[in-house]
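Novice: from the sequence below, what's the structure:
(one chain, ligands or ions: 2)
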Amino acid sequence: MARHTLPTLVAIDGPAGSGKSSVSRAAARRLGFAYLDTGAAYRALAWLALERKTDNTQADAITALLKDFDYSIGTDPDEYFVTVGQTDVTDAIRSPEVSAAVSAVARVPAVRGALTELFRSIAENVDRPGVIIEGRDITTIVAPEAEVRILLTATEEARMTRRSAEITTQSAETVAEQLRSRDRADSQVVDFMSAADGVITVDSTHLDFEQTIEAVIDVYHTCTKRALNE
Ligand SMILES: Nc1ncnc2c1ncn2[C@@H]1O[C@H](COP(=O)(O)OP(=O)(O)OP(=O)(O)O)[C@@H](O)[C@H]1O
Ligand SMILES: Nc1ccn([C@@H]2O[C@H](COP(=O)(O)O)[C@@H](O)[C@H]2O)c(=O)n1
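Specialist: Ligands and ions are numbered 1, 2, ... in the order given. Have a look, this model is predicted:
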């Protein structure tokens, strides 16, 4: 059977609160692309571990969860949802408990291997001409061959200010400390603080939301034009 044309891949990595999900989703909408949030899968597995009262320091116990991890995510930027089995976990995976547990789950190599395969398969099968995939290791591990590779960053101060404006149920100090400690734990596993070779940095520290979306779309046009001329 003839293989369908593969979608254009736009890979975006960056630290917590750098705007990966909000900016990627808005840019995907404008480009008519699908949007794949990879952090949601790690969060959903962490949610399952909490539901099953699994000790998340035990790699074997976390790995065992993968065998009945019935995960599904919406890749339409206008119809985002995350389910595990019959349960809609779209909101539950954003809880402070899941955010605090997720890095321990994400450090397990078998989990990373399985989810990487899942992301590649979802991305290959979207029903759009392209897909924006965002996370921590997309430009380097999940899709190093992506036509467009971006590191979306902002200073720690800017990221914390934006995140604490969003989360009003916790103090700014608590939000900042959670963000910092998640980045610390995650960066022991993958490097998302510096751009790998060929990856273009978009620093949004002094850009507003709209300007950041435009900056990402500009990089997309520059990279795709360059590829056409090669
Ligand atoms: N350039 C910007 N100017 C102002 N606010 C922004 C900008 N970019 C993103 N934001 C806001 O910052 C907050 C964090 O963004 P977002 O949730 O998209 O980050 P993230 O990188 O996906 O975070 P995490 O990895 O923790 O899920 C959101 O409230 C978003 O609307
Ligand atoms: N490619 C990725 C994406 C995410 N993670 C882990 O998931 C956590 C949640 O991600 P968010 O983008 O929703 O904040 C993140 O803190 C990492 O632990 C990952 O390892 N690789």
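Novice: every contact and neighbour count from this point should use C-alpha atoms.
Specialist: Noted.
Novice: what sits against Thr224?
Specialist: By Cα atoms under 8 Å, 6 or more residues apart in numbering, the contact list for Thr224 reads 147-148.
Novice: one more time with 7 Å
Specialist: Thr224 sits next to Glu147 when contact means Cα atoms under 7 Å, 6 or more residues apart in numbering.
Novice: now it: how far from Thr168?
Specialist: For Thr224, the distance to Thr168 equals 40 Å [Cα to Cα, to the nearest Å].
Novice: list the contacts of the strand or helix carrying Ala165.
Specialist: Using DSSP states H and E, Ala165 sits within helix 156-166. Residues outside helix 156-166 that contact it (Cα under 7 Å, 6+ apart) are 17-18, 172, 175-176, 205.
Novice: please see if it touches ligand 2.
Specialist: No: contact of helix 156-166 with ligand 2 (Cα under 6 Å from any ligand atom) is absent, the minimum separation being 11.3 Å.
Novice: buried residues, that helix. List them.
Specialist: Neighbour counts over helix 156-166 (16 or more other Cα atoms under 10 Å) mark 156, 159-160, 163-164 as buried.
Novice: from the residues you listed, which single one is nearest ligand 1?
Specialist: Arg163 (5.0 Å; Cα to the nearest ligand atom).
Novice: measure that closest one to Ile150 for me?
Specialist: In terms of Cα to Cα, Arg163 sits 21 Å off from Ile150.
Novice: go on, Asp78?
Specialist: The value you get for Asp78 to Ile150, if Cα to Cα is used, is 22 Å.
Novice: in terms of neighbours, single out the busier of these two.
Specialist: Ile150 (24 against 13; other Cα atoms under 10 Å).
Novice: over to the residue most central in space within the chain: give its phi and psi.
Specialist: In the chain, the centroid-proximal residue (Cα atoms, centre = their mean) is Gly135; its distance is 2.7 Å. Per-residue torsions, Gly135: phi 180, psi -140 (degrees, to the nearest 10).
Novice: that one against Thr38, yeah?
Specialist: Yes: when contacts are counted by Cα atoms under 7 Å, Gly135 is listed as touching Thr38 (5.5 Å).
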